[in-house]
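Trainee: got a structure for you, letters missing:
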Ligand code: HEM
């Protein structure tokens, strides 16, 4: 019976590892690439001579696509736009299906469209002066913490003399930027500790699972049997920090709502919610508004800082790259003013460093799982409805055919005749198609602002002053990150 079960598959399902009892192929996959799921699937793709690896997670049919062309095909086909209904999504949202990340169909479509349409007016997804100057002000405070020393007790956890603690040192400009988009206000420096709690919670959540949902998704009962070891406790606690923050913010907005005018995005949403209350069926609710804010905040409080921290790790390994960034900043901006988004087009090397970091350290290496919403075909195989579909972006970002020397950190690969050539950037760190990262523009713009201003202000070196010889270990979670740690900064003035 076990043998039959191990090899039981849907007709013409992609080849891949057999199933063990209860968890299916999950432990075999982990064994194949301990702490590195993308590598495990590259090995399986070779072993089974296929671009699409098929296997079962518990009884969930699952595929991982290991080919750049097929990855793009999946992202652009509507029948792959679904999301899995996993415990990881539910525990975030009062055990309901809410938010943007883990919803699909009509609900997701309406809520994603509404938020993007209205948040755009406040600078999300485009360039907007008020948002840019708000973020710039937050960056000034971030730099001031190091130049003039900590002003409030919580800052001492992130700044100690000439040392800064990453990734959370970078957190506030990104988080306060999102808060400004939804409320037109920011949290003052005296209360930054609240934002660092949000950032710590978001990263804890991201590190407590993996792109397949981990064992907890396959056997949810683990949450009661071993809450700590299954990762459930950290997922729940990490999420709670964000839920608490936004539940209060949304409640305050509802309590002070005025029919006559809109103060910010929250009011626009509340107005729509009140209008739709009269209808029998609506996708708008207070819980959903909390989850929307939480979903937009999660990556802003974790992914962007994790990426900049890995970029700093690369700079420590390649001091010549750091010198070139400094040379470009001094030539284009000088030292008398901060770099702005206007400078971005004249600073191809600095921009290329961020793009190269996004290529080499794929933040979500297997993507956020998609779901086949109907029986369909992919790469000649049959994919049954409700199959979990993951995309191995590492096969695109580290392809020898596309990049020639993918293992080298070489920002110059995106530059031609002194100009950034977008056509040379074949990466897809933010995905593509209808489910493309909703925060791509915000992430790219704000990362440029934070990174360029930080590099203008400081030279970075290792905390112990010794040259770095190998990259920090990459931690596999829902997103890739490196362990938190201290880095030395020396003011450049
Ligand atoms: C380094 C920065 C970031 C990277 C690499 C990144 C990457 C991604 C990826 C790969 C997805 C999944 C796409 C798919 O399902 O195919 C995603 C989804 C999403 N991202 Fe980002 N992201 C980043 C930062 C941000 C930021 C700063 C925000 C918000 C401020 C954000 C908001 C979202 C949202 C709301 C979704 C869900 C979209 C949906 O399911 O419809 N992301 N992101």
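Mentor: Perfect, thanks for sending it. Computed from a predicted structure; not experimentally measured.

Trainee: Give the other helices and strands that the lengthiest helix in the chain contacts.
Mentor: The residue-count maximum for a helix in the chain (DSSP state H) belongs to helix 232-255. With contacts taken as 3 or more CB pairs under 8 Å, 6 or more residues apart in numbering; DSSP states H and E, helix 232-255 sits against helix 171-183, helix 192-207, helix 265-276, helix 286-300. Glycine gets a C-beta too; all of them are placed from N, C-alpha and C.

Trainee: Could I get those helices in a markdown table, plus columns for mean neighbour count?
Mentor: Formatted as a markdown table, these follow (neighbours: other CB atoms under 10 Å):
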| stretch | mean neighbour count |
| --- | --- |
| helix 171-183 | 25 |
| helix 192-207 | 22 |
| helix 265-276 | 18 |
| helix 286-300 | 24 |
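
Trainee: Make a markdown table from the ones you listed and add mean pLDDT and distance to the ligand to it.
Mentor: As requested, the helices and strands packed on helix 232-255 are arranged in a markdown table below (pLDDT from 0 to 100; distance: least, CB to the nearest ligand atom, whole Å):
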| stretch | mean pLDDT | distance to the ligand |
| --- | --- | --- |
| helix 171-183 | 98 | 5 |
| helix 192-207 | 92 | 11 |
| helix 265-276 | 97 | 13 |
| helix 286-300 | 96 | 3 |
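
Trainee: how close does the residue lying closest to residue 317 once chain neighbours are set aside get to residue 310?
Mentor: Leaving out its chain neighbours, the residue that sits closest to residue 317 by CB to CB, 6 or more residues apart in numbering is residue 468, at 5.1 Å. Distance from residue 468 to residue 310, counting by CB to CB, to the nearest Å: 13 Å.

Trainee: Between those two, which contacts overlap?
Mentor: Residues within reach of residue 468 and of residue 310 at once, by CB atoms under 8 Å, 6 or more residues apart in numbering: there are none.

Trainee: These two: who's more crowded?
Mentor: The neighbour comparison of residue 468 against residue 310 (other CB atoms under 10 Å) goes to residue 310, with 22 against 16.

Trainee: which residue packs closest to that one, ignoring adjacent ones?
Mentor: With CB to CB, 6+ apart, the residue lying closest to residue 310 is residue 361, at 4.4 Å.

Trainee: which residues touch the residue lying closest to residue 434 once chain neighbours are set aside?
Mentor: Once flanking residues are discounted, residue 434 sits nearest to residue 81: 5.6 Å by CB to CB, 6+ apart. Residues near residue 81 by CB under 8 Å, 6+ apart: 104, 370, 373, 433, 434, 435.

Trainee: my read: the fourth one touches residue 76, true?
Mentor: Yes. Here residue 433 reaches residue 76: they are 4.7 Å apart, a contact under CB atoms under 8 Å.

Trainee: More neighbours: which of those two?
Mentor: residue 433 (16 against 12).

Trainee: Where does the closest residue to residue 410 other than its chain neighbours sit, in terms of helix or strand?
Mentor: Leaving aside its chain neighbours, residue 410 sits nearest to residue 356 (6.7 Å; criterion: CB to CB, 6+ apart). If you go by DSSP states H and E, residue 356 is part of helix 348-360.

Trainee: packing partners for that helix?
Mentor: helix 303-317, helix 319-332, strand 415-416, strand 419-420, helix 440-457.

Trainee: Show me which positions of the last one end up buried.
Mentor: Looking back up the chat, that one is helix 440-457. Buried residues in helix 440-457, defined by neighbour count with 16 or more other CB atoms under 10 Å: 441-457.

Trainee: Describe which strands the following helix or strand past that helix pairs with in its sheet and in which direction.
Mentor: Next along the chain after helix 440-457, taking DSSP H and E as the criterion, comes strand 458-462. Paired neighbours of strand 458-462 in the sheet (DSSP bridges): strand 485-491 (antiparallel).

Trainee: where along the stretch 1-150 of the chain do the helices fall?
Mentor: 2-7, 26-32, 37-47, 68-76, 87-90, 105-119, 129-147 (DSSP state H, counting those that start in this stretch).

Trainee: close to the ligand, is the last one?
Mentor: Pointing back at helix 129-147 there. No. Against the ligand, helix 129-147 shows no contacts by CB under 6 Å from any ligand atom, the least distance being 11.6 Å.

Trainee: which helices and strands sit right next to that helix?
Mentor: helix 171-183, helix 440-457, strand 485-491.

Trainee: swap the cut-off to 10 Å and go again
Mentor: Here helix 129-147 touches strand 159-160, strand 163-166, helix 171-183, helix 192-207, helix 440-457, strand 458-462, strand 485-491, going by 3 or more CB pairs under 10 Å, 6 or more residues apart in numbering; DSSP states H and E.

Trainee: Over to the fifth one?
Mentor: For helix 87-90, the packing partners by 3+ CB pairs under 10 Å, 6+ apart come out as helix 214-218, helix 232-255.

Trainee: I'd like the ones you listed as JSON lines, with mean neighbour count, mean pLDDT and distance to the ligand appended.
Mentor: Formatted as JSON lines, the helices and strands packed on helix 87-90 follow (neighbours: other CB atoms under 10 Å; pLDDT from 0 to 100; distance: least, CB to the nearest ligand atom, whole Å):
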{"stretch": "helix 214-218", "mean neighbour count": "23", "mean pLDDT": "69", "distance to the ligand": "17"}
{"stretch": "helix 232-255", "mean neighbour count": "18", "mean pLDDT": "88", "distance to the ligand": "12"}
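
Trainee: Redo those as CSV? Include distance to residue 491.
Mentor: What follows is the helices and strands packed on helix 87-90, written out as CSV (distance: least, CB to CB, whole Å):
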stretch, distance to residue 491
helix 214-218, 43
helix 232-255, 32
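
Trainee: so who does the closest residue to the ligand within the chain touch?
Mentor: Nearest residue of the chain to the ligand, counting by CB to the nearest ligand atom: residue 439, 2.2 Å away. Neighbour list for residue 439: 116, 119, 124-125, 174, 178, 295-300, 303-304, 430, 446 [criterion: CB atoms under 10 Å, 6 or more residues apart in numbering].
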